[in-house]
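Novice: next comes the sequence, and after it the predicted model I'd like to discuss.
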Amino acid sequence: MKNAIINRKPQFIQGDSSITDTIRLMISNKISSVLIVNEERDIIGIVTERDILRKISTLDLDMKLARPIRTIMARPVKFVYEESLISDIKMLHQNLHCRHFPVLKKKDSPTNLDSLVGIVSTTDIFHYTLKSLP
């Protein structure tokens, strides 16, 4: 994969942090996803704006926002690698219906923050594809 498509270094938050704290992190960084980590800095989940809206919409809002973010995170996380082809990531998106993929250094990398290169979203792929058009 071309590093140009990796938009930015992803933000992360501890799994015991509240949904409210996660929303604040997303707003302050103008991002649509956050990686969830444990105390050992292992990536244990991911949460997107869509996840939050879908999972808190049916219950008491005040009670829901105080819950730990790990209670609504998506898992297992689907990773891609620096050497991944953009076409492979597009296929993963279509087959798995994931919109955000953390990018690790290589296939045998541990799934923790030390191996994390960045994150790529379907929006990043879309923008890259548009720039590549003649």
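Specialist: In hand now; what should we look at? Numbering: from 1, shown residues only.

Novice: all contacts plus neighbour counts: C-alpha atoms, from now on.
Specialist: Will do.

Novice: and E39, how many neighbours does it have?
Specialist: 9 (other Cα atoms under 10 Å).

Novice: what pLDDT, on average, does stretch 65-82 get?
Specialist: In this model, stretch 65-82 has an average pLDDT of 92.

Novice: ok, stretch 100-120 next?
Specialist: For stretch 100-120, the per-residue pLDDT averages 92.

Novice: neighbouring contacts of it?
Specialist: 5-10, 33, 41-43, 77-83, 121-122 (Cα atoms under 8 Å, 6 or more residues apart in numbering).

Novice: between the two ends of that stretch, how far is it?
Specialist: 6 Å (Cα to Cα, to the nearest Å).

Novice: same thing with stretch 100-118?
Specialist: 11 Å.

Novice: rewinding a little: can I get the buried part of the contacts of stretch 100-120 as one ChimeraX selection?
Specialist: Only the buried members of these enter the following ChimeraX selection, criterion being 16 or more other Cα atoms under 10 Å:
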select :5,6,10,33,42,43,77,78,79,80,81,82,121,122
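
Novice: return the subset of the contacts of stretch 100-120 lying in helices.
Specialist: The helices, defined by DSSP state H, take in T122 from those.

Novice: okay, and which of the contacts of stretch 100-120 map to strands?
Specialist: 33, 43, 80-81, 121 (DSSP state E).

Novice: export these to a markdown table and tack on distance to I72?
Specialist: A markdown table is the format used below for these (distance: Cα to Cα, whole Å):
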| residue | distance to I72 |
| --- | --- |
| S33 | 13 |
| I43 | 15 |
| V80 | 22 |
| Y81 | 25 |
| S121 | 20 |
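
Novice: sort out which one of those residues lies nearest L133 for me.
Specialist: S121 (18.9 Å; Cα to Cα).

Novice: grab the nearest non-local neighbour of that closest one.
Specialist: H100 (4.3 Å; Cα to Cα, 6 or more residues apart in numbering).

Novice: tell me how far the one you found lies from I125.
Specialist: With Cα to Cα as the criterion, H100 and I125 are 10 Å apart.

Novice: who has more neighbours out of these two?
Specialist: Between H100 and I125, counting by other Cα under 10 Å, H100 is the more crowded of the two (25 against 19).

Novice: appreciated, that's everything.
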